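1. just to be clear, the model below is a prediction. Sequence and coordinates:
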Amino acid sequence: MNLVIDMNSKRNTFGFSEFVLPLISIVEEIDECVVKHYLELDSKNLASFDRIILSGSALKNTVTLEKKDLFEWIKDCNIPILGICAGMQTTGLVFGGYLKRCCEIGMTEILTLKTNPLFSSRFKAFSLHNHAIIPSDEFEVLAKSAKCVQAIKHRRKEIYGVLFHPEVRNREILQKFVHIFSLDQTI
C-alpha cells in the first residue's frame, strides 16, 4: 500500500487537485493508495505502508520548506520514498541541503547523470518551481537541467527526489517507483 502525502499548506486546496489527485490516479492503477495531509502524519503508523510519495505544491506554497522539523521522520524511515518538487526540496533540507533560486516553468530538458531504476538518458519533463535543492553529501545527483539539480537519491536508502513533475509528464517514473519497490520484487 502507498502513502501519498499532500504537501500543500492547507487541506483541500486547488493544489490538491493539481498536485495530489494526478498522483493518486497513477498510483491507484497499480496498487492501493492512502492520502494524508502532512499535518495529519503520525510517524508511528508509517511502517504500515510499502512506499511513500511526497507531492509537489504551488509555486508560492513553501510552507513545508519552513517546517522541515515536521519531516525529521524521513531520516529514520526505511520505506522507499519519492519526493516530487516540494517533496524533494523538503527531503533535501531535512538531510542538511540548502535551497538555491532556480525558476523553471514549462517543459525542461533533463540529462541523466547516474544510472538509476526510475529514468535514463535525456528526456523532457514538466517543471514548475522557484527553487532547487543543493543536496548534502548524503545524496548523489541523478539528473540535472541546464539550470539546476533535477533528481537525487540517498546514498544508503531508497529515498529519491525529482524536482520536475512526473504526474504531468513522465508518469512511467511513478509507475516504476511503485513496481520496483513492491514487496514481491527484488530490489
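-> That came through, no problem.

2. run through the chain and note the low-pLDDT ranges.
-> 10-15, 59-63, 183-187 (pLDDT under 70).

3. so where do the strands sit in it?
-> All strands of the chain, identified by DSSP state E, fall at 2-6, 33-37, 51-54, 81-84, 98-112, 122-134, 139-144, 149-154, 159-162.

4. switch these over to a markdown table; also include mean neighbour count and distance to I173.
-> Using the backbone N, CA and C atoms, a C-beta is placed for each residue, glycine as well. Listed next are the strands of the chain as a markdown table, based on neighbours: other CB atoms under 10 Å; distance: least, CB to CB, whole Å:
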| stretch | mean neighbour count | distance to I173 |
| --- | --- | --- |
| strand 2-6 | 24 | 14 |
| strand 33-37 | 17 | 16 |
| strand 51-54 | 25 | 11 |
| strand 81-84 | 27 | 8 |
| strand 98-112 | 14 | 10 |
| strand 122-134 | 19 | 9 |
| strand 139-144 | 20 | 11 |
| strand 149-154 | 24 | 9 |
| strand 159-162 | 26 | 7 |
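
5. can you list those strands in JSON lines and add distance to S182?
-> Formatted as JSON lines, the strands of the chain follow (distance: least, CB to CB, whole Å):
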{"stretch": "strand 2-6", "distance to S182": "10"}
{"stretch": "strand 33-37", "distance to S182": "13"}
{"stretch": "strand 51-54", "distance to S182": "8"}
{"stretch": "strand 81-84", "distance to S182": "14"}
{"stretch": "strand 98-112", "distance to S182": "23"}
{"stretch": "strand 122-134", "distance to S182": "24"}
{"stretch": "strand 139-144", "distance to S182": "21"}
{"stretch": "strand 149-154", "distance to S182": "18"}
{"stretch": "strand 159-162", "distance to S182": "15"}
